[in-house]
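Q: sequence and predicted structure are below.
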Amino acid sequence: MQPNNHPLHLSAVPLTPPPQALTVWRISTPWQTVRSMLALVLVCFFIAQLAVFVVGGLVDADFNGTPGPVDPVYTLVGGTCMSPFLLLFFHLRRPRLTHSVQAVPDPSGSNVHPLSGGLVVQAQQPVDVRQHLFRSNAPLEMPRPLHLWALFLGGITLSTACLLPLSVFGATVITVMIAVMIVLPAWLIGFAAPVFGWWSITSRHMGITVSRRDAEWMLAAGMLSTVPAIVINSLFSPIGLNAIGLDAYEAGSWGEGMILFLSAPIGEELSKAFAVLMLSHLIVSPKYGFYIGSTVGLGFALLENAQYIFMALAGDNSGLAYFFTASLRGLSSIPGHALWTGLSGYAIGCWLDRNPKARRVLDRSPFLTPDAEAQWVLYDAKGQPTASSGWAKMPSQRMANILKRHEHHAWRMPQTVPVGLGFAVLGHALWNGSSWGVNRALSNDDSTSALLLELSWLVVMIFGLWVCILRWLPTVVLSANDDER
């Protein structure tokens with residue numbers, strides 16, 4: 001070792017804006033979105049539950065349906081417990097950045113280029129080095145719907161088989177150990193797999209191009225919209241009903257019915273529509289409005305489903321209750337939420353098309369993040385580029401073939417926000433109200449025929465929901481290509 005009598009004087013390569021023709025390669029990770037959103041739904045689950053205590057301490061601390069007393073301790077404790085979950089939420093949703101370094105042969109360049117952070121680019125020949133830092137806006141990837149539905153059906157079947165011995169043979173060491181080991185996977189699969197299954201179908205087959213980060217914000221906005229909905233249904237509506245002499249907490253009463261077929265549809269659909277409005281900078285056409293609305297609805301259903309599956313697992317006959325709850329919600333309530341909010345989203349998209357001034361105002365929303373102009377190429381573990389059908393701008397041939405069979409009797413989509421929101425509330429109210437009415441009418445009948453009547457009505461509602469989906473969806477998917485402004 002000897003001293004260098006001619007030290008190099010190098011300046012660090014500065015950050016420059018990425019060129020418009022930049023192409024970024026990244027390994028394909030379709031299951032990463034599922035994993036990240038599962039972590040987020042657990043955080044939002046606790047935020048939604050604790051928000052009731054924060055507001056309840058200021059409105060109705062004893063939660064009996066009458067205003068008062070005010071107990072700041074509830075608000076303080078609820079807010080304190082909710083704070084770490086809020087911090088974790090923003091940590092999970094922090095912007096992701098991509099660092100790109102380009103080295104191009106240049107006779108007037110240098111062999112050594114220092115970068116920020118102590119990194120150095122050293123080449124065998126003179127090169128010109130440029131580095132760019134931009135938001136990671138890789139396209140949304142979702143696992144194949146078949147894989148997600150196979151996980152759902154296999155998961156609930158295996159989980160039910162493991163939970164049944166506890167109901168049949170009672171609490172023994174073996175049955176309790178099996179139930180404890182299976183309960184967490186059963187909960188996760190039961191509430192999440194069907195939501196991601198429907199999301200995969202809409203994302204891969206509707207002809208929508210969207211970045212993964214924007215799509216995750218849509219789902220997260222749906223989860224957060226449960227907070228005002230829960231507060232309305234748990235606090236404000238019971239107080240209002242109590243003022244007119246109805247008890248919202250009495251099972252089978254008209255007060256409970258008013259919560260189900262009046263308060264819940266109005267409060268939930270308004271909350272979800274507001275979440276769609278906050279994402280208006282992503283609505284480039286009514287078709288995108290429907291997709292964003294349906295994704296917000298799926299996010300809402302994700303958190304709501306987590307609560308229903310949890311109650312099914314915690315109740316009596318948990319095996320059968322879990323199987324029927326997960327199966328019925330996967331086929332009915334989850335696509336129902338997606339359809340109802342999709343109607344509101346489509347109407348909001350039409351409104352934005354007619355009112356460009358409103359779009360400019362709403363574009364100042366804090367959710368707005370400019371996209372870097374970069375083309376993404378995804379490759380698999382073998383280094384081969386993957387097919388880009390997941391973010392194509394045209395609907396898949398499979399979906400087009402299915403919907404063309406129903407195109408001749410398709411319904412016209414709502415063009416105004418009041419009509420779109422009205423259809424959403426009406427559909428939600430009919431679903432909740434008719435279920436409550438049938439249960440109330442058969443509440444004193446424990447016969448097998450009464451059970452069969454309830455199940456038959458569920459089949460009728462599911463059939464009606466799918467008729468609506470197959471009537472409205474062709475108008476959305478098969479309409480003229482208006483994705484580009």
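A: Structure received. Numbers count the residues shown, from 1 in each chain.
Q: how about the helices of the stretch 251-400 of the chain, start to end?
A: Along the stretch 251-400 of the chain, counting by DSSP state H, counting those that start in this stretch, helices occupy 254-258, 264-278, 286-314, 318-331, 333-354, 356-362, 397-404.
Q: could you dump the ones you listed to CSV with mean neighbour count?
A: (Each C-beta comes from the backbone N, C-alpha and C, glycine too.) Below are those laid out as CSV (neighbours: other Cβ atoms under 10 Å):
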stretch, mean neighbour count
helix 254-258, 19
helix 264-278, 23
helix 286-314, 26
helix 318-331, 21
helix 333-354, 26
helix 356-362, 12
helix 397-404, 14
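Q: lowest average pLDDT across the ones you listed?
A: In terms of mean pLDDT, the lowest-scoring of the helices of the stretch 251-400 of the chain is helix 356-362 (a mean of 63).
Q: quick one: buried residues of stretch 174-187?
A: Residues of stretch 174-187 classed as buried by neighbour count (16 or more other Cβ atoms under 10 Å): T175, I178, A179, I182, V183, A186, W187.
Q: same check, this time on stretch 206-220
A: Across stretch 206-220, burial judged by 16+ other Cβ under 10 Å covers 206-208, 210-220.
Q: can I get that stretch in PDB? Just the C-alpha atoms.
A: The C-alpha trace of stretch 206-220 is given here as PDB (Å, rounded to 0.1, in the frame of the first residue of the first chain):
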ATOM      1  CA  MET A 206     -62.800  -5.800 -17.400                       C
ATOM      2  CA  GLY A 207     -60.100  -4.100 -19.500                       C
ATOM      3  CA  ILE A 208     -58.900  -1.700 -16.800                       C
ATOM      4  CA  THR A 209     -55.400  -0.300 -16.600                       C
ATOM      5  CA  VAL A 210     -54.500   0.800 -13.100                       C
ATOM      6  CA  SER A 211     -51.400   0.900 -10.900                       C
ATOM      7  CA  ARG A 212     -51.100  -1.400  -7.900                       C
ATOM      8  CA  ARG A 213     -50.700   1.500  -5.500                       C
ATOM      9  CA  ASP A 214     -53.900   3.200  -6.800                       C
ATOM     10  CA  ALA A 215     -55.800  -0.100  -6.700                       C
ATOM     11  CA  GLU A 216     -54.700  -0.700  -3.100                       C
ATOM     12  CA  TRP A 217     -55.900   2.800  -2.200                       C
ATOM     13  CA  MET A 218     -59.300   2.000  -3.700                       C
ATOM     14  CA  LEU A 219     -59.600  -1.100  -1.500                       C
ATOM     15  CA  ALA A 220     -58.300   0.800   1.500                       C
END
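Q: can I assume T66 is in contact with L241?
A: No - counting by Cβ atoms under 8 Å, T66 does not reach L241; the two are 10.6 Å apart.
Q: neighbour-wise, which of the two wins?
A: L241 (22 against 12; other Cβ atoms under 10 Å).
Q: OK, contacts around that one?
A: G65, D247, A248, G255, M258, I259 (Cβ atoms under 8 Å, 6 or more residues apart in numbering).
Q: what's the helix or strand for the nearest residue to S100 once chain neighbours are set aside?
A: Among residues not flanking S100 along the chain, H132 sits closest, at 4.5 Å (Cβ to Cβ, 6 or more residues apart in numbering). In this assignment (DSSP states H and E), H132 forms part of strand 120-135.
Q: which other residues reach that strand?
A: Contact with strand 120-135 is made by 13-19, 22, 95-116, 213, 369-372, 374, as judged by Cβ under 8 Å, 6+ apart.
Q: among those residues, which are located in helices?
A: R213 (DSSP state H).
Q: chain neighbours aside, what residue packs nearest to P30?
A: Spatial nearest neighbour of P30, chain neighbours left out: E141 (4.2 Å); criterion: Cβ to Cβ, 6+ apart.
Q: correct me, but the one you found touches V34?
A: No - look at E141 against V34 with Cβ under 8 Å: they stay out of range, at 9.9 Å.
Q: kindly list the longest strand within this structure.
A: Ranked by residue count under DSSP state E, the longest strand found in the chain is strand 97-114.
Q: the protein: strands as residue ranges?
A: 23-27, 97-114, 120-135, 375-379.
Q: how much space separates I189 from F169?
A: Separation of I189 from F169 (Cβ to Cβ, to the nearest Å) stands at 24 Å.
Q: and these two? Which one has more around it.
A: More neighbours surround I189 than the other of I189 and F169, with 21 against 10 (other Cβ under 10 Å).
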